[in-house]
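Sequence and predicted structure, then a few things I'm wondering about:
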Amino acid sequence: MLRSGAMTGFTHVTRRTGAPLRLNGYILFRTMADEGEILSVAVCGQARRRGVAGILMAHALQDMLDAKVQRVFLEVGEANRAAINFYKGINFEIVGRRHNYYGSASRHKCNALVLRWTAGAQKI
Ligand SMILES: CC(C)(COP(=O)(O)OP(=O)(O)OC[C@H]1O[C@@H](n2cnc3c(N)ncnc32)[C@H](O)[C@@H]1OP(=O)(O)O)[C@@H](O)C(=O)NCCC(=O)NCCS
């Protein structure tokens, strides 16, 4: 996805003297005209609940605002309470639902919620 040139990705790393860089999390997004899309955000288990996703998302939203983006969309599994809580806390709102969006014919399928963040009086 990054090689296609159409996506931007940020990573959050920790540097300790003498130790290799540790990757805590990443975010991947793209912009199309005045809309943005978060394609993926994830934080490794040991680094969760320390604000890493919040930092990654703040940088991604600022990058998109600088590119004059007005709205940002993403999809999240309906059962993913951690992610939904996270997105709601930074003012994403639910604007749609895609039935049986995740999974395959042989696996359990689940719905996705479509969330939208609107530029304006939103905190980032
Ligand atoms: C969702 C995810 C990215 C959050 O990353 P994180 O760095 O732990 O999030 P933050 O520390 O920035 O959390 C900010 C807020 O989000 C909410 N939140 C985050 N994880 C939560 C959880 N497990 N349960 C409830 N609320 C949660 C809380 O409101 C939290 O604030 P608080 O810690 O002060 O209560 C992380 O849990 C993850 O990588 N999950 C697996 C991948 C995934 O589901 N990605 C999203 C796919 S759409």
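Done, it's in.

quick check, the worst-scoring helix or strand of the chain on mean pLDDT touching the ligand?
Taking mean pLDDT, DSSP states H and E as the measure, strand 93-102 is the helix or strand of the chain with the lowest mean score, a mean of 95. No. For strand 93-102, no contact with the ligand is found by C-beta under 6 Å from any ligand atom; the gap never falls below 10.0 Å. Yep, even glycine has a C-beta here, placed from its N, CA and C like the rest.

can you start the count at 39 instead of 1 from here on
I'll keep to 39 as the first residue from here, and by that count the last item is strand 131-140.

can you tell me which residues contact the most far-flung residue of the chain relative to its centre?
Among the C-alpha atoms of the chain, the one most distant from their mean position (C-alpha atoms, centre = their mean) is that of residue 56, at 31.1 Å. Contact analysis of residue 56 by C-beta atoms under 8 Å, 6 or more residues apart in numbering lists nothing.

who in the protein is up against the ligand?
79-81, 86-92, 114, 118-121, 123-124, 127.

For the spatially closest residue to residue 139 that is not a sequence neighbour, give me the pLDDT.
On the basis of C-beta to C-beta, 6 or more residues apart in numbering, the spatially nearest residue to residue 139 that is not a chain neighbour turns out to be residue 150, at 3.7 Å. pLDDT for residue 150: 97.

which residues touch the helix or strand in which residue 150 is found?
Using DSSP states H and E, residue 150 maps to strand 148-156. Strand 148-156 has contacts (C-beta under 8 Å, 6+ apart) with 99, 108-117, 122, 125, 128-141.
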